[in-house]
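Peer 1: What would the 3D arrangement of this be:
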Amino acid sequence: MDKPVIKQLDSKIVYQNKWMTVREDKILRPSGAEGIYGVVDKPDCAAILAIDNGLIHLVQQYRYTVQQRCWEIPQGAWESNPDADHAELAKGELREETGMQAQSMVYVGAQFVAYGFLNQTCHVYLASQLSEVGKQRDEEEEDLISQAFLVADFERMIVDGEIKDTVTIAAYGLAKLKGLV
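Peer 2: Numbering: from 1, shown residues only. Have a look, this model is predicted:
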């Protein structure tokens, strides 16, 4: 682990709910200048590339922050169990959002979601050999739609800007560069 170059002088929680904590840290930079840093604390999440027989399973839901429905890969965190094993989290999120179960789950890697202000790590999995077992959605996912797309159509959706979710794009790019998809 790198030695911190910015020293935390103080920290206070400015907002908190069951999904996140927002804190403001008073900091000291190496130059001696003081400042503040806003940090969002969230539990780690899992993102699942559910690909089988040339199809990728995506979900679409209304994203309030951007005021539109968006296609993305299944992903999420368990706020009620923030220390959950990320492999179990990935299996659970896949079932919750798509109703699918994977016979094979390959760990692709870990990525920081938005480390300029957020300390969340996203664990990426490739799920294959899929079978339907039934959805178990959270109440926040009441409008979620699950649909399979040809992988070629999915790639076109990324290039055309129809898919803008950075987690989806980065997860797929990492898996593709590793030769997993």
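Peer 1: List phi and psi for the residue in the chain sticking out farthest from the centre.
Peer 2: Outermost residue of the chain with respect to the C-alpha centroid, by Cα atoms, centre = their mean, is G32; its distance is 35.8 Å. When read as degrees, to the nearest 10, the backbone of G32 gives phi 100, psi -10.
Peer 1: okay, now the residue lying closest to I73 once chain neighbours are set aside: neighbour count?
Peer 2: Distances taken as Cβ to Cβ, 6 or more residues apart in numbering place T168 nearest to I73, at 4.7 Å, with adjacent residues excluded. Where C-beta positions appear, they are placed from N, C-alpha and C, glycine not excepted. Counted with other Cβ atoms under 10 Å, the neighbours of T168 add up to 24.
Peer 1: repeat for the one 4 residues further on
Peer 2: Using other Cβ under 10 Å, the number of residues around Y172 comes to 25.
Peer 1: likewise I51?
Peer 2: Count around I51 with other Cβ under 10 Å applied: 22.
Peer 1: So which elements touch the host helix or strand of Q61?
Peer 2: Per DSSP states H and E, Q61 falls inside strand 55-63. On a contact count with 3 or more Cβ pairs under 8 Å, 6 or more residues apart in numbering; DSSP states H and E, strand 55-63 meets strand 45-52, strand 68-72, helix 86-98, strand 145-150, helix 151-159.
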